[in-house]
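Peer 1: give me a 3D structure for the following:
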Amino acid sequence: MDFKDNAEEAAFRTEVRDFIKKEVKGDEQMEEMERGMYRGAFERLKDLRGKLSKRGWIAPAWPKEYGGAGLSVMHQFIMNEEFAENRVPPVGGMGTSMVGPTIITHGNDDQKKEHLSRILNGEVQWCQGFSEPGSGSDLASLQTRAVKDGDDYIINGQKIWTSGAQYAHWMFMLARTDPDAPKHKGISYFLVDMKSPGVEVRPLTNLANQNMFNEVFFDNVRVPARNIVGEVNRGWYVGTTTLDFERSSIGSAVGMGLQVQSLIKFASQHEADGQSRSGYMSSVKAELAERYIEVNLARMMSYRVVTMQAKGMIPNHEASMSKLFSSELTQRISRTGMKVLGLYGQLWGDEAPMKGRYEGSYMTSLASTIAGGTSEIQRNIIAQRGLGLPRD
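Peer 2: Reported below is the predicted structural model:
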């Protein structure tokens, strides 16, 4: 792994930094998104989206014929890293990071023409319909059914933990089209208009009193057969392509680093004001030092993944290692934040210390080791595919 940019990469990094300095005001918008006020933040990102679109930077690694900049994986990584360092919020969402690349890889010409430009101009927001109440870690056991009826499929079932479904215009989802086939081979990948009759979205409130995700019900929802991406009954393999994208998690690693730096600053000020308790500050210092080391380790894991991608390799257990470590680190940072703040950590709102950020993050972090693949599943992948251990 070469930690230094080559001449071309260094020039691009400078270009991105200059763009951020001149065109972007990211802190307030990112804080708003972190606190769960997603709708307002997304509405105010239209100006930023327009500036990025002119450069092809909404999806810089997409081919130019699809509206991207035709840049390399490393250029995409550099842009993500610099945006995260400067607290610039992402503007493309699941459209650019997940379903768009999947349509480019597996979609037909009509699907590319219909969806890709609308993803890039921000006209359409997407949500992901994979998990079900009884099919989370074992996703291939999903039971949502899609039955062929002429030129359409009729979908019945339920999805859960669907982030942003209350705002989404379209969903990319998996449904079972052959109940008699082995569970991985009877699934198809659908693109579903969320305004279709029979689609019902019910928001779920998390511990932090935020409506970040939802459950979605399908009652005889009619979806055109032309909205299947890839082959019928081969949707599992299309779905794994979706999950392959955006694996480096550099934004997460950088974001955690910024959190730790802010906690160090707060603790230093707390000590300087003479408010520290006996024995308290030495304990906090040791814990913050551990978190600082860990966020840098998380960053190194991200570098490893993107280095593999840049060489044309497909990260597998390496991506699981990064996900596992980062999600558990998120919880440790939240616990440390509550310790640094003491009783003030229970407060929330703009008047609270650090704007009450850790009151919410402490509770929402509980789900980080479940969402996107549980820690147990990640450890299984590392054991079997990384260490070569048997399944039983």
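
Peer 1: drop to CA atoms for contacts and neighbour counts, all remaining ones
Peer 2: OK.

Peer 1: show me where the stretch 51-200 of the chain has strands.
Peer 2: For the stretch 51-200 of the chain, the strands defined by DSSP state E, counting those that start in this stretch cover 126-129, 145-149, 152-159, 170-176, 187-193, 199-204.

Peer 1: name the helices or strands packed onto the shortest one?
Peer 2: Right, strand 126-129. With contacts taken as 3 or more CA pairs under 8 Å, 6 or more residues apart in numbering; DSSP states H and E, strand 126-129 sits against helix 93-94, strand 170-176.

Peer 1: let's see it at 6 Å
Peer 2: strand 170-176 (3 or more CA pairs under 6 Å, 6 or more residues apart in numbering; DSSP states H and E).

Peer 1: chain center to stretch 126-143: distance?
Peer 2: Counting by CA atoms, centre = their mean, to the nearest Å, stretch 126-143 is centred 16 Å from the centre of its parent chain.

Peer 1: same question, stretch 289-299
Peer 2: 21 Å.

Peer 1: could you do stretch 194-206 as well?
Peer 2: Distance, centroid of stretch 194-206 to centroid of chain: 20 Å (CA atoms, centre = their mean).

Peer 1: next, count neighbours for the closest residue to G67 other than its chain neighbours.
Peer 2: Excluding its sequence neighbours, the residue lying closest to G67 (CA to CA, 6 or more residues apart in numbering) is G56, at 6.3 Å. The local packing of G56 (other CA atoms under 10 Å) involves 21 other residues.

Peer 1: could you double-check that G56 sits in contact with L71?
Peer 2: No. Counting by CA atoms under 6 Å, G56 sits too far from L71 to count as a contact (9.5 Å).

Peer 1: picking up where we left off before, JSON lines for the strands of the stretch 51-200 of the chain, including mean pLDDT?
Peer 2: Formatted as JSON lines, the strands of the stretch 51-200 of the chain follow (pLDDT from 0 to 100):
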{"stretch": "strand 126-129", "mean pLDDT": "95"}
{"stretch": "strand 145-149", "mean pLDDT": "97"}
{"stretch": "strand 152-159", "mean pLDDT": "98"}
{"stretch": "strand 170-176", "mean pLDDT": "98"}
{"stretch": "strand 187-193", "mean pLDDT": "98"}
{"stretch": "strand 199-204", "mean pLDDT": "95"}
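
Peer 1: out of those strands, nearest to S375?
Peer 2: Evaluated over the strands of the stretch 51-200 of the chain, closeness to S375 peaks at strand 126-129, with 20.3 Å, by CA to CA.
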